[in-house]
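sequence? don't have it. structure:
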């Protein structure tokens, strides 16, 4: 009833909220993307997007289709792998940024192990830059990591805005350096944060450095400073005020090894960390809130 090609196009538009960017991601013409969406809407009998010249948004039925589309595509790919004789065996060295480990990744990896008991799954949790270096060196087979600005390697599966977050009641003095809570180098979010402050001419100091997301969040809750983080990871009903404007975009992609070994893990790229696995809900436990970082004077 629902063509897998149309579902993949729908998911690309739903993630980018842009027919143009979806076409670029899929390597299709924009007219083809529109046609796929139209045919899926005809098949459902419901509008899945509201769109005008300036904005694309999911309808309530479109939100519902997100979950259904992911499930249908996963089932389709599992069936294709089973009947196509591409059942996996051996070892899969998978690396993930800690940002995603705290979401639905454990559930997805558990499902992977259940579906592929003959695969020895080895999980590495590290900074995105470290994961990319290990993948390039052949020490990992598959990664889910954030991209550096301007990079196009891997398959884009998620993107969001960066904002500043801190403890309720935290106030920053515009005449003093911004106290930062950051990952160590080569953290991609760290680099984006420093670039943003330097572009504003804003002085800063490092208040806390940790490669652990939990440690950084604890420091932010304690009021040690502010940390740059993706909007979708912040509690939607956090106490203490409204968010400052997003000042950058962060993107995550699935990257895989090259060569013969890659052929054995390629069939699992979309399924293992697929569309549903890197979407929400992303929420902190405890109190944190978006804060404004005043510009330099």
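Now that the structure is in, tell me what you want to look at. Here the structure is a predicted model, which is why all the values come from computation and not from measurement.

contacts and neighbour counts: CA atoms only from here.
Fine.

how much space between residue 7 and residue 34?
Using Cα to Cα, to the nearest Å, one gets 12 Å for the distance from residue 7 to residue 34.

again, but for residue 49
11 Å.

same check on residue 213?
In terms of Cα to Cα, residue 213 sits 39 Å off from residue 34.

again with residue 155
21 Å.

try residue 190
38 Å.

again, but for residue 223
Residue 223 is 48 Å from residue 34, by Cα to Cα.

could you do residue 58 as well?
In this structure, residue 58 and residue 34 are 14 Å apart, going by Cα to Cα.

could I get the full set of strands for this protein?
49-51, 56-58, 90-97, 119-126, 142-146, 155-166, 178-182, 204-209, 227-230, 248-256, 289-290 (DSSP state E).

looking at those strands, which is closest to residue 68?
Comparison of those against residue 68 by Cα to Cα identifies strand 56-58 as nearest, at 14.2 Å.

I would like the residues contacting the closest one, please.
Identification of contacts with strand 56-58 by Cα atoms under 8 Å, 6 or more residues apart in numbering yields 14, 17-18, 48-51.

tell me which two of those residues sit farthest apart.
Spanning the widest gap among these are 18 and 48, at 13.4 Å by Cα to Cα.

for these two, indicate the residue with more neighbours.
Using other Cα atoms under 10 Å, the more surrounded residue of residue 18 and residue 48 is residue 48, with 24 against 18.

per-residue pLDDT of the closest residue to the more buried one other than its chain neighbours, please?
Spatially, and ignoring its direct neighbours in sequence, residue 48 is nearest to residue 62 (4.1 Å; Cα to Cα, 6 or more residues apart in numbering). On pLDDT, residue 62 comes in at 93.

what of residue 236?
Confidence at residue 236, expressed as pLDDT, is 39.

could you do the one 4 residues further on as well?
Residue-level confidence at residue 240 comes out at 30, pLDDT.

also the one 10 residues further on?
At residue 250, the predicted lDDT confidence score is 65.

kindly report the same for the one 3 residues further on.
Residue 253 is assigned a pLDDT of 66 by the prediction.

same check on residue 180?
pLDDT, residue 180: 95.

could you give the bridge partners of it?
With DSSP bridges as the criterion, residue 180 is bridged to residue 206, residue 226.

my read: it touches residue 220, true?
No. The pair residue 180 / residue 220 is not scored as a contact, 9.1 Å apart, by Cα atoms under 8 Å.

got any residues that touch both of the two?
With Cα under 8 Å, 6+ apart, residue 180 and residue 220 have common neighbours 226-227.

could you measure residue 110 against residue 17, distance?
Residue 110 is 30 Å from residue 17, by Cα to Cα.

the two: who's more crowded?
residue 17 (18 against 12).

OK, contacts around the more buried one?
Applying Cα under 8 Å, 6+ apart to residue 17 gives the contacts 55-57.

cutoff 10 Å now
By Cα atoms under 10 Å, 6 or more residues apart in numbering, residue 17 lies in contact with 10-11, 49, 51, 55-58.

so for residue 155 and residue 34, which residue has more residues nearby?
Higher neighbour count among residue 155 and residue 34: residue 34, with 19 against 16, using other Cα under 10 Å.

so what's that one closest to, chain neighbours aside?
Take residue 34 and drop its neighbours on the chain: the residue closest to it by Cα to Cα, 6+ apart is residue 19, 7.1 Å away.

wait, that neighbour touches residue 9, no?
Yes. Residue 19 is within contact range of residue 9, at 9.3 Å (criterion: Cα atoms under 10 Å).
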